[in-house]
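# got a predicted structure plus its sequence, pasted below:
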Amino acid sequence: MFNTITIIGPGLLGASLLQAARKNGLCKRTVAWSRRPETRIKCEQQDWCDTITATLSEAAAKGDLIVVCTPVETIVPIIQEIQAHLQPGTIITDVGSTKSLVCRQAHAAVPEGTHFIGSHPMAGSEKTGLEHAQADLFQRRACFVTPLLDTDATACEKVVRFWTQIGMDVQTTNPEKHDEIVANISHLPHILASTLCCHLAKQDTTWINYAGGGLRDTTRIASGDPHLWKSIIQQNREEILHAITGFEQEIHNMRAAIYNDNLFDVINILERGKQYRDRFCP
């Protein structure tokens, strides 16, 4: 599909992408660049990375598909830094969790004849680093591709095919709709898990010794990198606030039902919650 796939930021997602691309025969050569020398050294020792470049500009010049796998606040600055080194026809995409601001600024930054199409693979975990990478990380997971109205259709199709070929279920939508969706299904759950942990941290410290699998499942994602999530929340602030407002109404309804000893409403809320959970995770 591509001669060279270049990954900027070979952490969990970036390294997994190179492994998946190699496993599925999607390119002739893989290239990676990391700002950290220790990560570059680790990449040199991997059979899924053909070349690790010393400079960002060199990495950009080599790839006909470039995937920026860095925190959301760095995506646009990186594209602005490499834009002068891109070859004609180069396609750039990313893995950022927010899309509206990134897509519009990145699209404006790339030179004519090259293309930026935003992506958001809904994969990964609370773990970070290439040592946790795996080629099948993306299998049967959802992926958003978020073209703008004037995005090149052929380039967009190539990005969709790329994610499809590594096993993802791809959905195209505009960046604003993407941000609304993920504010509810991804960003809000992380905020709820983190704030629940903050609440429990104020209680008797011995209670954690009695916690079972339910609490572990509910709070697992709170182990995510706080600095990474700070940037996500900052960039998707408005949609996250809307999502929090909607959740506040639901928790208010549950509190009122319990306070008024209205068991009919309590069971109704619990049943609606069970139906939703069972529908997407039977």
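Alright, I've got the coordinates.
# longest helix of this protein?
helix 237-259 (DSSP state H).
# for the residue nearest to the spatial centre of the chain, which non-adjacent residue is closest in space?
Residue closest to the mean C-alpha point of the chain, counted by C-alpha atoms, centre = their mean, is Ser97 at 4.3 Å. Once flanking residues are discounted, Ser97 sits nearest to Ile232: 4.9 Å by C-beta to C-beta, 6 or more residues apart in numbering. Any C-beta I mention is one placed from the backbone N, CA and C, and that applies to glycine too.
# contact partners for that neighbour?
Val72, Ser97, Thr98, His187 (C-beta atoms under 8 Å, 6 or more residues apart in numbering).
# tell me the domain ranges of this structure?
What automatic domain parsing lists as the domains of the chain is 2-173, 177-280.
# which stretch among those is buried most, on average?
Mean neighbour counts were taken over those using mean count of other C-beta atoms under 10 Å, and the top value, a mean of 19, falls to domain 2-173.
# kindly check the end-to-end length of it for me.
24 Å (C-alpha to C-alpha, to the nearest Å).
# now do that domain: distance to the chain's middle.
Taking C-alpha atoms, centre = their mean, to the nearest Å, the mean C-alpha location of domain 2-173 is offset from the chain mean by 12 Å.
# name the nearest of the contacts of Ile232 relative to Asn24.
Nearest to Asn24 among the contacts of Ile232, counting by C-beta to C-beta, is Ser97 at 24.1 Å.
# what about the closest one, which SS state?
coil (DSSP: H, G, I helix; E, B strand; the rest coil).
# ok, back up a step: just checking, what packs against the longest helix of the chain?
With contacts taken as 3 or more C-beta pairs under 8 Å, 6 or more residues apart in numbering; DSSP states H and E, helix 237-259 sits against helix 175-182, helix 188-201, helix 263-280.
# and Gly89, how far is that from Tyr259?
Distance, Gly89 to Tyr259, using C-beta to C-beta, to the nearest Å: 63 Å.
# with only the CA atoms kept, save the helix or strand bottoming out on mean pLDDT in the chain in CSV.
Sorting the helices and strands of the chain by mean pLDDT, DSSP states H and E puts helix 37-44 at the bottom, at a mean of 89. In CSV, the C-alpha atoms belonging to helix 37-44 read as follows (Å, rounded to 0.1, in the frame of the first residue of the first chain):
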residue,chain,number,x,y,z
PRO,A,37,17.5,9.1,22.5
GLU,A,38,16.7,6.1,24.7
THR,A,39,13.6,5.4,22.6
ARG,A,40,15.6,5.6,19.4
ILE,A,41,18.1,3.1,20.8
LYS,A,42,15.2,0.7,21.7
CYS,A,43,13.8,1.0,18.2
GLU,A,44,17.2,0.1,16.6
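# what comes into contact with that helix?
So helix 37-44 is contacted by Pro10, Gly11, Ala15, Ala32, Trp33, Ser34, Cys49, Ile52, Ala54, Leu130, Glu131 (C-beta under 8 Å, 6+ apart).
# Three-state assignment for the last one, please.
The one in question is Glu131. helix.
# for the closest residue in space to it that isn't next to it in sequence, give its distance to Ile52.
Once flanking residues are discounted, Glu131 sits nearest to Lys42: 7.7 Å by C-beta to C-beta, 6+ apart. In this view, Lys42 and Ile52 are 9 Å apart by C-beta to C-beta.
# give me the common contacts of the two.
With C-beta under 8 Å, 6+ apart, Lys42 and Ile52 have no common neighbours.
# all helices of the stretch 51-200 of the chain, in order?
56-62, 72-82, 100-109, 153-165, 175-182, 188-201 (DSSP state H, counting those that start in this stretch).
# now render these as TSV, adding mean pLDDT and distance to Gly118.
Output for the helices of the stretch 51-200 of the chain, formatted as TSV (pLDDT from 0 to 100; distance: least, C-beta to C-beta, whole Å):
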stretch	mean pLDDT	distance to Gly118
helix 56-62	93	18
helix 72-82	96	9
helix 100-109	96	4
helix 153-165	97	9
helix 175-182	98	6
helix 188-201	97	20
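# now tabulate those helices in JSON lines and tack on distance to Ala211.
Compiled in JSON lines, the helices of the stretch 51-200 of the chain are given as follows (distance: least, C-beta to C-beta, whole Å):
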{"stretch": "helix 56-62", "distance to Ala211": "44"}
{"stretch": "helix 72-82", "distance to Ala211": "32"}
{"stretch": "helix 100-109", "distance to Ala211": "37"}
{"stretch": "helix 153-165", "distance to Ala211": "37"}
{"stretch": "helix 175-182", "distance to Ala211": "28"}
{"stretch": "helix 188-201", "distance to Ala211": "9"}
